[in-house]
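In: sequence first, then the predicted structure, then my questions.
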Amino acid sequence: MAQATARTRTLISVEQAAEYLGVNPRTIRRYISLGKLPASKVGGTLIRVDQADVDALVRPLPAGTSS
């Protein structure tokens, strides 16, 4: 029988996610509404996102790419 492994989730607020990424909280809310960032409601009103999902939004640029 396979044993399920529990993953520890670190939930952070929309504001914390925005500060971490250096964007406006409205950008995080837009990502949530577009389905780019999964979110959970805690206690009926608080919106929280998993730190690992926020980290997954950050992708390195390919070598030789300048912005």
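Out: On my side now, so go ahead.
In: hey, what's residue 40 bridged with?
Out: Beta-bridge partners for residue 40, by DSSP bridges, are residue 48.
In: give me the distance between it and residue 29.
Out: Distance, residue 40 to residue 29, by Cβ to Cβ, to the nearest Å: 14 Å. (Each C-beta comes from the backbone N, C-alpha and C, glycine too.)
In: swap in residue 64?
Out: According to Cβ to Cβ, residue 64 stands 34 Å off from residue 29.
In: which sections of this structure are below the confidence cut-off?
Out: 1-6, 65-67 (pLDDT under 70).
In: can you tell me the closest non-neighbouring residue to the spatially most central residue of it?
Out: Nearest residue to the geometric centre of the chain (Cα atoms, centre = their mean): residue 54, 2.7 Å. With Cβ to Cβ, 6 or more residues apart in numbering as the criterion, residue 54 has its nearest non-adjacent residue at 4.9 Å, and that residue is residue 17.
In: same question for residue 18.
Out: Closest residue to residue 18 apart from its sequence neighbours, by Cβ to Cβ, 6+ apart: residue 25 at 4.3 Å.
In: what number of residues lie near that neighbour?
Out: For residue 25, the neighbour count with other Cβ atoms under 10 Å is 14.
In: helices along the protein, start to end?
Out: When assigned using DSSP state H, the helices of the chain occupy the ranges 14-21, 25-34, 51-57.
In: select, out of those helices, the one closest to residue 45.
Out: Closest approach to residue 45 among the helices of the chain (Cβ to Cβ): helix 14-21, 12.0 Å.
In: distance of the residue lying closest to residue 36 once chain neighbours are set aside relative to residue 64?
Out: Distances taken as Cβ to Cβ, 6+ apart put residue 57 closest to residue 36, at 7.3 Å, once the chain neighbours are dropped. Between residue 57 and residue 64 the computed distance is 22 Å (Cβ to Cβ).
In: which one's more surrounded, those two?
Out: The residue with more neighbours, out of residue 57 and residue 64, is residue 57; 15 against 5, by other Cβ under 10 Å.
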